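Trainee: predicted model follows, preceded by the sequence.
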Amino acid sequence: MSKYFQLFATETEVANIPPTIEELETNYAATFFLCGPAIFDLRRDALRLADVAYCDVYYIKKVRKLLEQQEFWEEMQKLNSTPRAVF
């Protein structure tokens, strides 16, 4: 099975720990994109969701931690109330 996350070489192993903040943010965005609305359904098992969405279960768990934070929802509310142009 192919995963859509890049592996990076560390001193002792190969890991999915990005070397830059941009790569980390990209992994979070990919998690939202790959899982879609299912990421918000906390009744879904993270491991099964990872299998279905071809996603890394580690990032699913990290994103779900973000969903528990009030600051996340406040920022989402700002995005929903801000007029945007679509080209």
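Mentor: In hand now; what should we look at?

Trainee: use CA for all of it now, contacts and neighbours both
Mentor: Noted.

Trainee: rounded mean pLDDT for stretch 40-49, please.
Mentor: Mean pLDDT, stretch 40-49: 93.

Trainee: what is the end-to-end distance of that stretch?
Mentor: 11 Å (CA to CA, to the nearest Å).

Trainee: show me which residues of that stretch are buried.
Mentor: Across stretch 40-49, burial judged by 16 or more other CA atoms under 10 Å covers Ala46, Leu49.

Trainee: go on, stretch 57-65?
Mentor: Buried residues in stretch 57-65 (16+ other CA under 10 Å): Val57, Tyr59, Ile60, Lys61, Val63.

Trainee: Glu23: which of the residues you listed is nearest?
Mentor: Taking CA to CA as the measure, Glu23 lies nearest Tyr59 of the buried residues of stretch 57-65, at 12.5 Å.

Trainee: and the helix or strand containing that closest one, what other elements does it pack with?
Mentor: According to DSSP states H and E, Tyr59 maps onto helix 57-67. Counting contacts by 3 or more CA pairs under 8 Å, 6 or more residues apart in numbering; DSSP states H and E, helix 57-67 is packed against helix 21-35, helix 46-53.

Trainee: give me the mean pLDDT for it.
Mentor: Per-residue pLDDT over helix 57-67 has a mean of 92.
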